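Peer 1: Need the 3D shape of this:
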Amino acid sequence: MSLLPRLLPLVVVSLFPVSPLFADPVADRYRKATATVAPRLVRIDTVGGFEQVDGALTNEGATTGLLLDEQGHVITSAFNFLHDPSTILIRFADGTKQVGRRIATDYNRMLALLKVGTVPESTHAVPLAAVPKTAFQPGRTVIALGRALSPDEPNLAVGILSGTDRIWGKAIQTDAAVGPNNYGGPLIDLDGRVLGILVPLSMTSTALTAGDEMYDGGVGMAVPLEDLQTIVFPKLSAGKDVYSGETGFSFTENGIFIGAPVLSDVLEGGPGDKAGLKKGDRITKLGAAPVQTAMQVVCHFQLRYSGETTAVTFLRDGKEQTVSLTTEPPEALPKRERKSTGLPASTVTDRGSSAHF
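Peer 2: Numbering: from 1, shown residues only. You can find the predicted model right below:
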């Protein structure tokens, strides 16, 4: 599937005054909300890098980012930098340009942190307000913003917040048009507050380009800004890439959603195996939190990063035991082929494919 820039059914909105003759209260509110965050909305152009990632053409067109602070940190979607460009040029709302550099990438939530040397003074007085996660209300009107279609004006797509706690709790969902042109841009409410950063994510795949196939399908994802500020930014600002935390065990495909937390496969040499877990063990607690379903286990580890340790309590032969499990990055897991599928054992079970994590 080509990942070349594609036109979204978006609108490029002028932030200049509109004649009363053509005034529209609804459009005016969209315009006002957009104007609130527009000074922090940046256009990102890249030069060089790989032509293909995961066998697909990479996105070399303009994309979007959001200025986080006066120190020059810009957050965007990792999708925009999978081709490892040699040059990053960031254009601010006032037309000034800065060469940026990538600080680090979060391959779990698919976010990239960039930095420029200086930022325009025009952005200093513009606060970045986040909508608290406790205030997320499905059905509320939201606006997906980008600055890729025009260097001078934001492009926007209007929709609703259609879901929370998506992608194992990592994202919120909107039916607004979301795609390569506004990946990395903010999802805002009608007061101009930011709910999250637009990214492609998938429930069924951890491939680098996963989620892009849902482009313009009424299923757009955004990582909550609150999570970005409290979890992601502290990790990325340290200057090291971070990855999802793999456990090396899995549940049967259907069991993930409706089944008991009984392990169907434990990869030899993987984190679960090193901790002492075995096929057939029933997980009863993660830390101090009781566990009743496989879904709870999956969500717990999907939200965490490689190198993090969890106390796992499980039942084996009628006796409860507790071990410490430290997750590892995907590349560190041993590979074991199965003749029936040709896939690594860490991605399959006796019933076929499963959501290994």
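
Peer 1: From now on I want contacts and neighbour counts done on CA atoms only, so please keep to that.
Peer 2: Will do.

Peer 1: Centre-most residue in this structure?
Peer 2: The residue lying closest to the centre of the chain (Cα atoms, centre = their mean) is R109, at 3.4 Å.

Peer 1: Show the pLDDT at that residue.
Peer 2: pLDDT for R109: 94.

Peer 1: same thing with H124?
Peer 2: Note on H124: pLDDT of 75.

Peer 1: Might you report the residue contacts of it?
Peer 2: By Cα atoms under 8 Å, 6 or more residues apart in numbering, the residues touching H124 are E70.

Peer 1: quick one: it from R102, how far?
Peer 2: 22 Å (Cα to Cα, to the nearest Å).

Peer 1: Show me which positions of the strand ranked longest in the chain end up buried.
Peer 2: Scanning the chain for the strand with the most residues, using DSSP state E, yields strand 155-166. Buried positions in strand 155-166, judged by neighbour count with 16 or more other Cα atoms under 10 Å: 155-164, 166.

Peer 1: low-scoring stretches of the stretch 101-250 of the chain, by residue?
Peer 2: Residue ranges of the stretch 101-250 of the chain with pLDDT under 70: 203-217.

Peer 1: ok, how many other residues are close to K235?
Peer 2: If you count neighbours by other Cα atoms under 10 Å, K235 ends up with 18.

Peer 1: Need the three-state assignment for the nearest residue in space to L236 that is not next to it in sequence.
Peer 2: Excluding its sequence neighbours, the residue lying closest to L236 (Cα to Cα, 6 or more residues apart in numbering) is A104, at 5.3 Å. Three-state call for A104 (DSSP: H, G, I helix; E, B strand; the rest coil): strand.

Peer 1: Does the residue nearest to the centre of the chain lie in a helix or a strand, and which?
Peer 2: Per DSSP states H and E, R109 falls between elements, in no helix or strand.

Peer 1: returning to what we had before: can you give the strand pairings for the longest strand of the chain, parallel or anti for each?
Peer 2: With DSSP bridges as the test, strand 155-166 is paired with strand 11-12 (antiparallel), strand 141-146 (antiparallel), strand 171-174 (antiparallel).

Peer 1: Switch the ones you listed over to JSON lines; also include distance to G248.
Peer 2: JSON lines is the format used below for the strands paired with strand 155-166 (distance: least, Cα to Cα, whole Å):
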{"stretch": "strand 11-12", "distance to G248": "45"}
{"stretch": "strand 141-146", "distance to G248": "36"}
{"stretch": "strand 171-174", "distance to G248": "23"}
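
Peer 1: for the ones you listed, which one ends up most surrounded?
Peer 2: Neighbour counts (mean count of other Cα atoms under 10 Å) averaged over each of those peak at strand 141-146, with a mean of 29.

Peer 1: one step back: for L114, which of the strands paired with strand 155-166 is the nearest?
Peer 2: strand 141-146 (16.8 Å; Cα to Cα).

Peer 1: Name the surrounding residues that touch the closest one.
Peer 2: Outside strand 141-146, the residues touching it (Cα under 8 Å, 6+ apart) are 30, 34, 41, 43, 63-65, 154-161, 174, 176-178, 181-190, 198.

Peer 1: and with 6 Å instead?
Peer 2: The contact list for strand 141-146, computed with Cα atoms under 6 Å, 6 or more residues apart in numbering, reads 64, 154-160, 182, 185-189.
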